[in-house]
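Novice: coords please:
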Amino acid sequence: MPFVAPVLRVNKKQRHQLATLIRRQNAPAAEVLRARIILGLAAGASYQQLSGRLGSSSATISLWRKRFEEDGVAGLRSRHLGSEASVLTPELRAKVIRRALDRPTDGSTHWSCRKLAAAMKLGKSLVHRVLQEADLKPHQLERYMASPDPDFETKAADIIGLYMNPPQHAAVFCVDEKTAIQALDRLDPVLPLSPGRAERHGFEYFRHGTLSLYAALNTATGAVTGKTTARHTSPDFVAFLEELVAACPGDQAIHVILDNLSAHKTKLVAEFLAANPRVQLHYTPTYSSWLNQVEIWFSKIERDLIARGVFTSVNDLARQIARYIRQYAKRAKPIRWQYTDLRRRYTA
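Specialist: Numbers count the residues shown, from 1 in each chain. Just a heads-up that it's a prediction; the model follows:
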């Protein structure tokens, strides 16, 4: 009577990895055979059935079952013993690249050159050369965010149209709020910049409080209108819009680009729009605040003032922000976007 081992448990992720290995054109034949063994055991096949179907002995099937149970899919790789390889052959290059595309088996999330070299018993310089030639960078991570907005293209085209070809005689503003700006005061003296030494701040600080900054960037001139508030509520937002409208000529159409914050879509905002028909709001698509040019200015004031600023009170923070905005107005220029990396193609 043939030996019938318990059905091998293979999870969904492992099944996908095994199926991918089998389909891979440049996969070693030995590893493809081992993947077929594991999938066969997971399907309930006996050792005798697999021996007849795949031409492998029961001992071989048992060996790779044990390796899989111990190390998962990574356990199906051959374990090479011997000295480090010193000659880079096409076969060795392919092995390094294929291993680099898989995750490490020690629980870490990515390879380093030294870790990959140790795992493959190769020299670090050789592995580094292969990764560099293949433009593989396991140590780097890039994040992306795809907008789920079904009307992404329509909304994005509307906003880009306001930048590229704004309505004649109309004002176009990019509006948003930078919230929870902290008024941080240093407990130790600030040691100024000197030759051979960077400016130094003490580790300890005192938090005086926070405020929010409303800003409207005029896309035609690059000038910014700003207002600081203790909070960022819908009444505060509407009050800022009223000040913005009051500063424009009475017969000028006003287009405002802003994000989908709940405070921007309240009943109070609807009442403001009803009372000011010359104002039109244009909402950016979901998760697409990068379409709002005022975000570029927020990153600038963060670098120039907020990140390294020393503020003795919330009022001092508000004064320094107002001063920065006044000085910025003297050199303001329209923002011009430029797409430089033509290798990248993003789709929404």
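Novice: Which parts of the stretch 51-200 of the chain are strands?
Specialist: Secondary structure of the stretch 51-200 of the chain (DSSP state E, counting those that start in this stretch): strands at 171-186.
Novice: in the stretch 1-150 of the chain, which spans are helices?
Specialist: Ranges of helices in the stretch 1-150 of the chain, per DSSP state H, counting those that start in this stretch, are 12-23, 29-42, 47-54, 58-71, 90-101, 113-120, 124-133.
Novice: can you give me the angle the second one makes with helix 58-71?
Specialist: Using axes from the mean of the first three to the mean of the last three CA atoms, to 10 degrees, the direction of helix 29-42 lies 80 degrees away from that of helix 58-71.
Novice: If you count contacts, what does helix 29-42 end up packed against?
Specialist: Taking 3 or more CB pairs under 8 Å, 6 or more residues apart in numbering; DSSP states H and E as contact, the helices and strands that helix 29-42 lies on are helix 12-23, helix 47-54, helix 58-71. For glycine as for every other residue, the C-beta is placed from the backbone atoms N, C-alpha and C.
Novice: rewinding a little: I'd like the helices of the stretch 1-150 of the chain laid out as JSON lines, including mean neighbour count, mean pLDDT and distance to Leu184.
Specialist: Below are the helices of the stretch 1-150 of the chain laid out as JSON lines (neighbours: other CB atoms under 10 Å; pLDDT from 0 to 100; distance: least, CB to CB, whole Å):
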{"stretch": "helix 12-23", "mean neighbour count": "14", "mean pLDDT": "88", "distance to Leu184": "45"}
{"stretch": "helix 29-42", "mean neighbour count": "19", "mean pLDDT": "88", "distance to Leu184": "56"}
{"stretch": "helix 47-54", "mean neighbour count": "16", "mean pLDDT": "87", "distance to Leu184": "67"}
{"stretch": "helix 58-71", "mean neighbour count": "15", "mean pLDDT": "88", "distance to Leu184": "50"}
{"stretch": "helix 90-101", "mean neighbour count": "15", "mean pLDDT": "90", "distance to Leu184": "43"}
{"stretch": "helix 113-120", "mean neighbour count": "17", "mean pLDDT": "91", "distance to Leu184": "39"}
{"stretch": "helix 124-133", "mean neighbour count": "16", "mean pLDDT": "92", "distance to Leu184": "42"}
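Novice: who wins for proximity to Leu317 among those?
Specialist: Between Leu317 and the helices of the stretch 1-150 of the chain, the shortest separation by CB to CB is 45.3 Å, and it involves helix 113-120.
Novice: Let's have the helices and strands packed on helix 29-42 in JSON lines, adding distance to Val238.
Specialist: Below are the helices and strands packed on helix 29-42 laid out as JSON lines (distance: least, CB to CB, whole Å):
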{"stretch": "helix 12-23", "distance to Val238": "50"}
{"stretch": "helix 47-54", "distance to Val238": "73"}
{"stretch": "helix 58-71", "distance to Val238": "62"}
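Novice: just to revisit the earlier point, what's the closest of the helices of the stretch 1-150 of the chain to Leu273?
Specialist: Comparing the helices of the stretch 1-150 of the chain by their distance to Leu273 (CB to CB), the top pick is helix 12-23, with 50.1 Å.
Novice: Quick one: residues in contact with the closest one.
Specialist: Helix 12-23 has contacts (CB atoms under 8 Å, 6 or more residues apart in numbering) with Val10, Ala27, Glu31, Val32, Ala35, Arg36, Ile38, Leu39, Ala42, Gly72, Val73, Leu76.
Novice: Contact partners for Ala171?
Specialist: Contacts for Ala171 (CB under 8 Å, 6+ apart) come out as Asn218, Ala220, Cys248, Gln252, Ala253, Ile254, His255.
Novice: In ChimeraX, select just the buried ones from those.
Specialist: Selection of buried members from the contacts of Ala171 for ChimeraX, criterion 16 or more other CB atoms under 10 Å:
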select :218,248,253,254,255
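Novice: I figured His128 hits Cys113, correct?
Specialist: Yes - applying CB atoms under 8 Å as the test, His128 and Cys113 come out as touching, 4.8 Å apart.
Novice: Which two among the contacts of Ala171 are spaced furthest apart?
Specialist: Using CB to CB, these span at most 13.9 Å, a distance reached by Asn218 and Ala253.
Novice: wait, which of the helices and strands packed on helix 29-42 is closest to Leu261?
Specialist: helix 12-23 (37.7 Å).
Novice: circling back to that earlier point, out of the contacts of Ala171, which is nearest to Leu162?
Specialist: Closest to Leu162, out of all of the contacts of Ala171 and judged by CB to CB, is His255, at 5.8 Å.
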